[in-house]
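A.B. asks: need a structure here:
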Amino acid sequence: MVITKNTQPLRWMIYGANGYTGELIAREAVRRGLTPVLAGRRRESIEPLARTLGLEAQAFGLDDATVLAAQLRDHALVLNCAGPFSATAAPMMAACLRAGAHYLDITGEIAVFELAQSLDARARDAGVVLCPGVGFDVIPTDCVAAALKEALPDATHLALGFDSRSGFSPGTAKTSVEGLAQGGKVRQDGKIITVPLAHEVRRIDFGDGEKEAMSIPWGDVSTAFYSTGIPNVRVFIPGAPSMIANARRANYIRPLLGWPWVQKLIKARIAQTVKGPSEEQRAQMPTFVWGEARNARGEKKTARIRTANGYSLTITGALAVVEHLMAARPAGGAYTPSRLVGADLVARLPGSGPLQIA
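C.D. replies: Numbering: from 1, shown residues only. I've put the predicted structure just below:
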């Protein structure tokens with residue numbers, strides 16, 4: 001299957017297809033009969049995978065804007081899987097706007113979501129969809145946020161969270177290291193503010209029993225506001241007392257974590273030691289997603305849904321959005337997943353149960 005644009009069939013690309021998640025998405029795309037172009041910085045990493053899957057390969061970096069735009073000129077869509085997205089999203093979005101190609105990625109980085117929203121007018125003028133976060137970051141929580149807004153239209157406060165036992169891929173681990181250096185984030189009165197790590201702690205039943213949980217700087221601090229208009233947003237994950245204590249201790253060394261040589265040292269260690277979970281491990285690790293909306297009168301609505309493992313959901317979620325753009329012709333602009341595809345997206349993905357609101 002190919003995307004059709006102006007009645008002419010055009011190609012679409014997975015950039016970063018040689019990474020852990022990019023390769024999983026590429027293999028599933030082929031299984032579905034899709035034919036993406038596989039791309040990345042290093043030809044020696046991309047070409048063997050492309051040969052194995054019977055796909056075209058391209059190798060190019062993101063440093064030269066002219067070269068990058070030329071590489072995308074005949075593509076209708078790019079799915080960026082190359083993290084950390086703090087380094088790749090801005091040049092790829094800019095190139096997509098110049099080339100007239102839709103932009104998707106699987107980030108969870110708040111700065112990337114804010115960047116996409118800042119480019120909304122340009123994207124509308126170019127007829128280009130910018131929709132970062134079409135993986136586990138942030139499809140499930142974004143859909144929960146949208147469903148809660150519908151259930152409680154005058155909500156003023158939104159809390160979201162998830163309970164996942166999944167390990168990290170190398171890319172996710174590197175992004176998390178960057179996040180530690182930037183501190184905690186919450187949205188308060190419509191604005192994103194920096195707070196200490198593990199700033200808030202509360203007990204939450206995500207769907208697998210009540211647990212102690214701490215606030216984290218998850219992507220919904222950005223996206224939930226654009227999906228719902230709710231001005232106060234927090235995101236939580238469960239954590240053992242020792243984990244919460246360690247997160248709070250990290251506040252004292254956070255400036256050190258931001259030093260470039262420290263980041264480089266930690267990321268090099270991650271590249272040598274961290275491996276993503278296997279297919280068997282992913283199948284045994286579902287995720288429990290939770291949300292709570294509250295209005296000024298103290299009325300509450302709570303939502304829960306059980307989904308597939310985060311990496312498995314990223315595979316099916318990203319391809320669901322790709323296929324949506326193949327079939328639909330939305331107006332250009334900056335989107336969140338629920339605004340682009342609908343709040344029922346997460347419930348339609350393999351491994352998801354019903355989205356329940358009480």
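A.B. asks: so residue 106 sits against residue 21, correct?
C.D. replies: Yes - the criterion here is Cβ atoms under 8 Å, and residue 106 meets it with residue 21 at 6.2 Å. Every C-beta, even on glycine, is put in place using the N, C-alpha and C of the backbone.
A.B. asks: which one's more surrounded, these two?
C.D. replies: residue 106 (31 against 26; other Cβ atoms under 10 Å).
A.B. asks: any idea how far residue 187 is from the more buried one?
C.D. replies: Using Cβ to Cβ, to the nearest Å, residue 106 is found at 22 Å from residue 187.
A.B. asks: got it, and residue 311?
C.D. replies: Distance from residue 311 to residue 187, by Cβ to Cβ: 27 Å.
A.B. asks: who has more neighbours out of the two?
C.D. replies: Ranked by neighbour count (other Cβ under 10 Å), residue 311 and residue 187 place residue 311 first, with 27 against 21.
A.B. asks: list the buried ones in the helix or strand harbouring the more buried one?
C.D. replies: Using DSSP states H and E, residue 311 falls within helix 310-327. By 16 or more other Cβ atoms under 10 Å, the buried positions in helix 310-327 come out as 310-326.
A.B. asks: and if you look at stretch 86-93?
C.D. replies: Within stretch 86-93, the residues that qualify as buried are 86, 88-93, counting by 16+ other Cβ under 10 Å.
A.B. asks: just name whatever secondary elements the helix or strand harbouring residue 52 is in contact with.
C.D. replies: Using DSSP H and E, residue 52 sits within helix 43-53. With contacts taken as 3 or more Cβ pairs under 8 Å, 6 or more residues apart in numbering; DSSP states H and E, helix 43-53 sits against helix 20-31, strand 37-40, strand 57-59.
A.B. asks: okay, how far is it across stretch 30-39, tip to tip?
C.D. replies: With Cα to Cα, to the nearest Å as the measure, stretch 30-39 spans 15 Å from end to end.
A.B. asks: report the mean per-residue pLDDT for it.
C.D. replies: The average of the pLDDT scores along stretch 30-39 is 96.
A.B. asks: buried set for that stretch?
C.D. replies: Across stretch 30-39, burial judged by 16+ other Cβ under 10 Å covers 30, 34, 36-39.
A.B. asks: then stretch 221-236?
C.D. replies: Going by neighbour count (16+ other Cβ under 10 Å), the buried part of stretch 221-236 is 221-228, 230, 232-236.
A.B. asks: show me how the chain divides into domains.
C.D. replies: According to automatic domain parsing, the chain comprises the domains 3-135+312-342, 139-309.
A.B. asks: can you count the residues close to the residue nearest to residue 247 when sequence neighbours are not counted?
C.D. replies: Leaving aside its chain neighbours, residue 247 sits nearest to residue 198 (4.0 Å; criterion: Cβ to Cβ, 6 or more residues apart in numbering). Around residue 198 there are 21 other residues, counting by other Cβ under 10 Å.
A.B. asks: how far away is residue 198 from residue 294?
C.D. replies: Taking Cβ to Cβ, one finds residue 198 at 22 Å from residue 294.
A.B. asks: pLDDT averaged over stretch 132-140 - what is it?
C.D. replies: The model assigns stretch 132-140 a mean pLDDT of 95.
A.B. asks: what does it contact?
C.D. replies: Residues outside stretch 132-140 that contact it (Cβ atoms under 8 Å, 6 or more residues apart in numbering): 21, 79, 85, 89, 103-108, 112-113, 116, 142, 162, 218-220, 223, 287, 289, 305, 307, 310-311, 313-314, 317-318, 321, 336-338, 345-346, 349.
A.B. asks: coming back round to it: and the helices and strands packed on helix 43-53 as TSV, adding distance to residue 98?
C.D. replies: TSV is the format used below for the helices and strands packed on helix 43-53 (distance: least, Cβ to Cβ, whole Å):
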stretch	distance to residue 98
helix 20-31	23
strand 37-40	17
strand 57-59	17
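A.B. asks: between the ones you listed, which gets nearest to residue 154?
C.D. replies: helix 20-31 (37.9 Å; Cβ to Cβ).
A.B. asks: tell me the angle of that closest one relative to helix 43-53?
C.D. replies: Using axes from the mean of the first three to the mean of the last three Cα atoms, to 10 degrees, one finds that helix 20-31 and helix 43-53 are set 30 degrees apart in direction.
A.B. asks: so how far is helix 20-31 from its chain's centroid?
C.D. replies: 16 Å (Cα atoms, centre = their mean, to the nearest Å).
A.B. asks: remind me what that helix packs against, helices and strands.
C.D. replies: For helix 20-31, the packing partners by 3+ Cβ pairs under 8 Å, 6+ apart come out as strand 8-15, helix 43-53, helix 170-182, helix 310-327.
A.B. asks: please compute how far the last one lies from its chain's middle.
C.D. replies: The reference is to helix 310-327. 11 Å.
A.B. asks: what's downstream of that helix, the next helix or strand?
C.D. replies: Criterion used, DSSP H and E; the element after helix 310-327 is strand 333-334.
A.B. asks: burial check on the residue lying closest to residue 294 once chain neighbours are set aside, number of neighbours?
C.D. replies: Take residue 294 and drop its neighbours on the chain: the residue closest to it by Cβ to Cβ, 6+ apart is residue 157, 4.5 Å away. Counted with other Cβ under 10 Å, residues neighbouring residue 157 total 16.
A.B. asks: circling back to that earlier point, now the residue nearest to residue 247: phi and psi?
C.D. replies: Note on residue 198: backbone dihedrals following degrees, to the nearest 10 are phi 60, psi 40.
A.B. asks: ok, now how distant is it from residue 212?
C.D. replies: In terms of Cβ to Cβ, residue 198 sits 11 Å off from residue 212.
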